[in-house]
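*Asks:* One predicted model, sequence on top.
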Amino acid sequence: MSAAFIGRTVLASRPDGRYVVVQARTEDAPALEAVQRACFPSLSEDEIATARHFLSHQAHFPEGQLAVLDTATAQVVASSSDFRLRVNFAHYAHAYMKETGDNLFTTHDPDGDWLYGADIGVHPDARGQGLATLLYGARHDLIRRLNLKGHVAGAMPKGYCAVADHLPIEQYVLDVIRGERRDPVLSVQLGRGYGVWGIIPDYLDDDSCRNHGVFIVWRNPAHRPGAR
Ligand SMILES: CC(C)(COP(=O)(O)OP(=O)(O)OC[C@H]1O[C@@H](n2cnc3c(N)ncnc32)[C@H](O)[C@@H]1OP(=O)(O)O)[C@@H](O)C(=O)NCCC(=O)NCCS
């Protein structure tokens, strides 16, 4: 897709054209921070991505920084932030801040053969309209374009806090995988083709998931080993 929206290349668009995915730019940084703050109300302040962090992401790996614009208002309503890395699946457990270079993406490896999903957020007022689905599609397009092996991320199982007092995280995640429970985040990702690799304790500081992460993987079926 190569249509333009106020001079910006459109990477993906909802079929009705109302929302478009574009590469984030420096001038979007304050709006990206505002969306982030609306999306992560229980995340510790130390782990919130501010305008300074979004500018650093763009400096390290511009192609991986996506924003969704509402074409009716030209406002940023959602975003995703990714960088490249190598993955050791035997040692998948990691802390978010360490993996992301204190949320600055200094850990971006230009030769990394996986995309790391650091963040996705859709403003609460724009949820349930397919915007996360649009962003996942655009991220998968990037993975295919760069011939990467796939996408990994630490998902935040945000529904866990409601049952954490009587249910171990392992059982909770299993229930979500089996479709016996719906998690507001993990169920969305499983529905977009991701699988669960394992559970990460002390992933970040957020009570909604009791600090857990779930390491999720999407494999690129079009990956060509050895090709650049
Ligand atoms: C998780 C999140 C990104 C989903 O964004 P979204 O734009 O609402 O998702 P979509 O509209 O593309 O919907 C994806 C699926 O979830 C369903 N869904 C979305 N919101 C829902 C809701 N409130 N209740 C039930 N189902 C819902 C959609 O129907 C769709 O279902 P399908 O799999 O059957 O097609 C969004 O809720 C969010 O930003 N959460 C806060 C930030 C966050 O936690 N990010 C993830 C960090 S790992």
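*Replies:* Sure thing, it's come through. This one's a predicted model, so the numbers in the text were calculated from it and none came from an experiment. Residues are numbered from 1 along each chain as shown.
*Asks:* What's the biggest strand in this protein, counting residues?
*Replies:* With secondary structure taken from DSSP state E, the chain has its longest strand at strand 75-85.
*Asks:* what comes up buried for that strand?
*Replies:* Using 16 or more other CB atoms under 10 Å as the test for burial, strand 75-85 gives Val76, Val77, Ala78, Ser79, Ser80, Ser81, Asp82, Phe83, Arg84, Leu85. C-beta here means a position set from N, CA and C on the backbone, and glycine is covered the same way.
*Asks:* before we move on, what about stretch 93-106?
*Replies:* Those buried within stretch 93-106 under the rule 16+ other CB under 10 Å are His94, Ala95, Tyr96, Met97, Glu99, Thr100, Asn103, Leu104, Phe105.
*Asks:* chain center to that stretch, what's the gap?
*Replies:* Stretch 93-106 has its average C-alpha position 14 Å from the chain's average C-alpha position, going by CA atoms, centre = their mean, to the nearest Å.
*Asks:* Redo the buried residues of stretch 93-106 as a markdown table? Include secondary structure, pLDDT and distance to Arg224.
*Replies:* Rendered in a markdown table, the data for the buried residues of stretch 93-106 read as follows (DSSP: H, G, I helix; E, B strand; the rest coil; pLDDT from 0 to 100; distance: CB to CB, whole Å):
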| residue | secondary structure | pLDDT | distance to Arg224 |
| --- | --- | --- | --- |
| His94 | coil | 96 | 28 |
| Ala95 | coil | 97 | 33 |
| Tyr96 | helix | 98 | 31 |
| Met97 | helix | 98 | 34 |
| Glu99 | helix | 98 | 27 |
| Thr100 | coil | 98 | 28 |
| Asn103 | coil | 98 | 32 |
| Leu104 | coil | 98 | 32 |
| Phe105 | coil | 98 | 26 |
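*Asks:* how much space between the closest residue to Ala29 other than its chain neighbours and the ligand?
*Replies:* Leaving out its chain neighbours, the residue that sits closest to Ala29 by CB to CB, 6 or more residues apart in numbering is Ala51, at 3.9 Å. Distance from Ala51 to the ligand, counting by CB to the nearest ligand atom, to the nearest Å: 18 Å.
*Asks:* show me what contacts Ala51?
*Replies:* Contact criterion CB atoms under 8 Å, 6 or more residues apart in numbering gives Ala29, Pro30, Leu32, Glu33 as the residues in contact with Ala51.
*Asks:* any chance of the residues you listed in a markdown table, with pLDDT and neighbour count too?
*Replies:* As requested, the contacts of Ala51 are exported to a markdown table (pLDDT from 0 to 100; neighbours: other CB atoms under 10 Å):
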| residue | pLDDT | neighbour count |
| --- | --- | --- |
| Ala29 | 98 | 22 |
| Pro30 | 98 | 11 |
| Leu32 | 98 | 27 |
| Glu33 | 98 | 19 |
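*Asks:* The closest residue in space to Ser44 that isn't next to it in sequence: neighbour count?
*Replies:* Closest residue in space to Ser44, ignoring its immediate chain neighbours: Asp205 at 3.9 Å, by CB to CB, 6+ apart. Using other CB atoms under 10 Å, Asp205 has 15 neighbouring residues.
*Asks:* and the residue of the chain most remote from its centre, what pLDDT?
*Replies:* Among residues of the chain, the one most distant from the C-alpha centroid is His166; the distance is 28.9 Å, by CA atoms, centre = their mean. pLDDT, the model's per-residue confidence, is 97 for His166.
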